[in-house]
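K.L.:
Just to be clear, the model below is a prediction. Sequence and coordinates:
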Amino acid sequence: QVQLVESGGGSVQAGDSLRLSCAASGRSFSGYMFAWFRQAPGKERDFVAAISWRGNGAYYSDSVKGRFTISKDHAMNTVNLQMSSLKPEDTAVYYCAAYRDSTDRYDYWGQGTQVTVSS
């Protein structure tokens, strides 16, 4: 079992930056990929970014590429999302998720953290 706890959400102005963190606990993360998703009111949950826990791959949605950076800290067991040049359309609940190679799906999710960007 893996537990994921997000932190760092808040309310900011357009153009500001914000850093989200996801603390992971529970077991070894070999074979895992960690990702951020977001869900705006009345919309589906969308992929934002992902990073391999053991490798060097990082992936981004087109809507955040060049503005958001995903990173990992093995010592702290955290996955971070640095968000810059925020736009009102980035407003959403952001979720951390863990993907397992063995099941080929995101098996674990955090509770979410709210990000609100005002113009």
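P.N.:
Happy to help now that I have it.
K.L.:
Look at the closest residue to Gly26 other than its chain neighbours and say how many residues are nearby.
P.N.:
Excluding its sequence neighbours, the residue lying closest to Gly26 (CB to CB, 6 or more residues apart in numbering) is Val2, at 4.3 Å. C-beta coordinates here come from the backbone N, C-alpha and C atoms, glycine included. Neighbourhood size, Val2 [other CB atoms under 10 Å]: 18.
K.L.:
His74 now?
P.N.:
His74: 9 neighbours (other CB under 10 Å).
K.L.:
Please name the residues that touch the closest residue to it other than its chain neighbours.
P.N.:
Residue nearest to His74 in three dimensions, not counting chain neighbours: Trp53, with 8.0 Å by CB to CB, 6+ apart. Trp53 makes contacts with 29-34, 72, 74, as judged by CB atoms under 8 Å, 6 or more residues apart in numbering.
K.L.:
State the distance from the residue nearest the centre of the chain to Pro88.
P.N.:
With distances taken as CA atoms, centre = their mean, Trp36 lies nearest the centre of the chain, 2.5 Å away. To Pro88, Trp36 is 18 Å away according to CB to CB, to the nearest Å.
K.L.:
again, but for Leu18
P.N.:
Plainly put, Leu18 is 13 Å away from Pro88 if you go by CB to CB.
K.L.:
So between these two, which is more surrounded?
P.N.:
The residue with more neighbours, out of Leu18 and Pro88, is Leu18; 21 against 11, by other CB under 10 Å.
K.L.:
close enough to count as contact, the more buried one and Ser11?
P.N.:
No. Contact criterion CB atoms under 8 Å: Leu18 and Ser11 do not qualify, at 9.4 Å.
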